[in-house]
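Engineer: Sequence plus predicted model, see below.
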Amino acid sequence: MVHNVNIIHRDYHSGNILISNDFSSTLCDLGISKSAMGHDEEIYGIIPYIAPEILKRQNYTIASDIYGFGMIMWELMTGRRPFWDHDHDTDLIIKICDGFRPPIVTNAPEGYVELMQRCWHSDPNKRPTATELRKKIVIMKNNEPEYYCDGITKIVKSPDIGPVKSINPGAIYKSRSLSEMIKSAESTRSLESIDSEISNNKFEDNLTINDNDYLTKEIELDIDNDTSFGDSKDDDYVTEEINFDI
């Protein structure tokens, strides 16, 4: 495996996997693969398979490939490509960076969905390694009864799985340069973050003003009460003193 020699594929998607007649698979198109120690600002690929940290213009890591594998797992589970019904544009990039993932819509072997979700975790450090993936998949395969047994996991017929007749015209499943689009998404996210911070500050300022108004009114009320009480007592005292002198 390329990860064993510290190589990152950097364009890991289902279109770069060849399946033979005996169902063995071969990873191809290593044209933009680089050493895990190398850095390159150019981002090239298919948006749904690109890890969110890359869409945030961070460096590629081995965990970035694992994210793409998680999307391939979803594709195998549903028979559809991830985000087939969305435009592959700046808006989708922003959503992915904010945690947007394909829906879990069907049953699968025990542990499959959990493993898939670990692969596309937003935190690269929480994704499994390729070695761990292989071990987990072998365990799932060994736990799955043979096809002729009644206990095999059955696919439930659903409109949410299986090939679709047509996809969104804006869904582009061809590797392309995404650097400019990602820069645009980054600028938009920064502006949204600033707007959100301004709104939060305004909300906190309003709370402070309301609290101050409440304290002011409370103090005024206390002063009025104290004044009324004091005046009444003093008047009574003076009246009694005058009566006594007379």
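Structural biologist: Arrived safely. Numbers count the residues shown, from 1 in each chain.
Engineer: By mean pLDDT, which helix or strand of the protein comes out lowest?
Structural biologist: Ranked by mean pLDDT, DSSP states H and E, the weakest helix or strand in the chain is strand 34-35, scoring a mean of 52.
Engineer: With just CA atoms, put the helix or strand harbouring F69 into CSV.
Structural biologist: When secondary structure is defined by DSSP states H and E, F69 falls within helix 62-78. What follows is helix 62-78, C-alpha atoms only, in CSV (Å, rounded to 0.1, in the frame of the first residue of the first chain):
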residue,chain,number,x,y,z
ILE,A,62,-2.2,10.3,5.0
ALA,A,63,-5.5,10.8,6.9
SER,A,64,-6.7,12.9,3.9
ASP,A,65,-6.7,9.8,1.8
ILE,A,66,-8.7,7.9,4.5
TYR,A,67,-11.4,10.6,4.2
GLY,A,68,-11.8,9.7,0.5
PHE,A,69,-12.0,6.1,1.4
GLY,A,70,-14.9,6.8,3.7
MET,A,71,-16.8,8.4,0.8
ILE,A,72,-16.1,5.3,-1.3
MET,A,73,-17.6,3.2,1.5
TRP,A,74,-20.8,5.3,1.3
GLU,A,75,-20.8,4.8,-2.4
LEU,A,76,-20.6,1.1,-2.0
MET,A,77,-23.3,1.1,0.6
THR,A,78,-25.8,3.1,-1.5
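Engineer: Can you name every helix or strand that it contacts?
Structural biologist: Packed against helix 62-78 by the contact rule (3 or more Cβ pairs under 8 Å, 6 or more residues apart in numbering; DSSP states H and E) you find strand 7-8, helix 52-55, helix 112-119, helix 130-143. All C-beta atoms are positioned from the backbone trio N, CA, C, and that covers glycine.
Engineer: neighbouring contacts of stretch 120-135?
Structural biologist: Residues lying outside stretch 120-135 but in contact with it, judged by Cβ atoms under 8 Å, 6 or more residues apart in numbering, are 1, 3-4, 51-53, 61-67, 69-71, 74, 99, 101, 115, 118-119, 136.
Engineer: Filter those down to the buried ones, ChimeraX style.
Structural biologist: If you want just the buried ones from the contacts of stretch 120-135 in ChimeraX, going by 16 or more other Cβ atoms under 10 Å, the selection is:
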select :3,51,52,53,61,62,63,64,65,66,67,69,70,71,74,101,115,118,119,136
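Engineer: now this structure, which segments are flagged as low pLDDT?
Structural biologist: Using pLDDT under 70 as the threshold, the predicted model of the chain has low-confidence ranges 1, 5, 31-40, 145-155, 193, 195-246.
Engineer: Next, the contact list for the closest residue to C97 other than its chain neighbours, please.
Structural biologist: Nearest residue to C97 in three dimensions, chain neighbours excluded: P52, at 4.9 Å (Cβ to Cβ, 6 or more residues apart in numbering). Listed by Cβ under 8 Å, 6+ apart, the contact set of P52 reads Y67, I96, C97, G99, S122.
Engineer: what number of residues lie near the closest residue to Y12 other than its chain neighbours?
Structural biologist: For Y12, the nearest residue in space outside its immediate sequence neighbours is G68; the separation is 3.4 Å by Cβ to Cβ, 6+ apart. Taking other Cβ atoms under 10 Å as the neighbour definition, G68 ends up with a count of 26.
Engineer: now G68: how far from G162?
Structural biologist: Noted for G68: a distance of 22 Å to G162, by Cβ to Cβ, to the nearest Å.
Engineer: Okay, domains of this protein per the record?
Structural biologist: Partitioning the chain according to automatic domain parsing yields domains covering residues 2-177, 179-246.
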